[in-house]
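> What shape does this take:
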Amino acid sequence: MSGLSDYSLVWFLHGDSRVGAILIPRNNRLMYIHSYQSYVWNNMVSQRIEEYGLKPVPGDLVLKGATATYIEEEDVNNYSIHDVVMPLPGFDVIYPKHKISEAYREMLTADNLDIDNMRHKIRDYSLSGAYRKIIIRPQNVSWEVVAYDDPKIPLFNTDVDNLEGKPPPVFASEGKYRALKMEFSLPPSTYATMAIREVLKMDTSIKKQTQLNTTWLR
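Model prediction:
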């Protein structure tokens, strides 16, 4: 077991009395913090696109190497929306020079956080921040439509299957069902589920997917 320094003690209160406590491992604690940063980022990107659309505007941020710089009026035509980045909140980032900067401040203030002081005496809670592109174009894209009859058979090999030397699935030229198989590459901190949602224009929520699986396997 790791040392107690890798855990946080959280007390449960009833009135002014302590009625219980749990230890939260450091990795779980950091997951909550990073999830909050992503939550803020997602909201800010939604507002940025709603406000300015899918084109660069003066005051947006782009990366030059690892350094974020502002897009100036005279340079706006030198960039595309795929160049624009937005910051995860922290003490070592800058914010856009347009309305979205104030939106960051308002959201953090509503959660009792000071955007101008993201350092904390406890190192794990001291957020440095980072930058992410607001739109990512998948690479190495390929796709095919396959036909099959049994909805319960695998339609592709897993990495384990390949390591074990299992042959790939064989599909019929015609079948009761059809499936779209896609392959593509994405960088870290991006999600294949979101790319698929944009292609298929389908709801990817847990509730919707559960309904689809329940209907499909009846």
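
> which strands and helices sit next to the one helix or strand residue 102 maps to?
Residue 102 belongs to helix 99-110 when assigned by DSSP states H and E. Using 3 or more Cβ pairs under 8 Å, 6 or more residues apart in numbering; DSSP states H and E as the contact criterion, the elements in contact with helix 99-110 are helix 26-52. In short, each C-beta sits where N, CA and C put it, glycine included.

> angle of the helix it packs on against helix 99-110?
Angle of helix 26-52 versus helix 99-110, following axes from the mean of the first three to the mean of the last three Cα atoms, to 10 degrees, is 140 degrees.

> Tell me the buried residues in helix 26-52?
29, 36-37, 40-41, 44-45, 47-48, 52 (16 or more other Cβ atoms under 10 Å).

> Also stretch 167-186?
Result for stretch 167-186 [16+ other Cβ under 10 Å]: buried residues residue 171.

> And for that stretch, what's in contact with it?
Residues outside stretch 167-186 that contact it (Cβ atoms under 8 Å, 6 or more residues apart in numbering): 136, 138-149, 151, 153-157, 192, 195-196, 199-200.

> Doesn't residue 184 lie inside a helix?
No: applying DSSP: H, G, I helix; E, B strand; the rest coil, one finds residue 184 to be strand, outside a helix.

> What does the pLDDT read for it?
Each residue has a pLDDT score; the one for residue 184 is 92.

> ok, the closest residue to it other than its chain neighbours - how many residues close by?
Of all residues not flanking residue 184 in the chain, residue 138 sits nearest, at 3.9 Å (Cβ to Cβ, 6 or more residues apart in numbering). By the criterion of other Cβ atoms under 10 Å, residue 138 has 16 neighbours.

> which regions of the protein sit below the pLDDT cut-off?
1-26, 122, 124-125, 213-218 (pLDDT under 70).

> got the domain boundaries for it?
In terms of domains, the chain is parsed into 20-133, 139-213 (source: the TED database).
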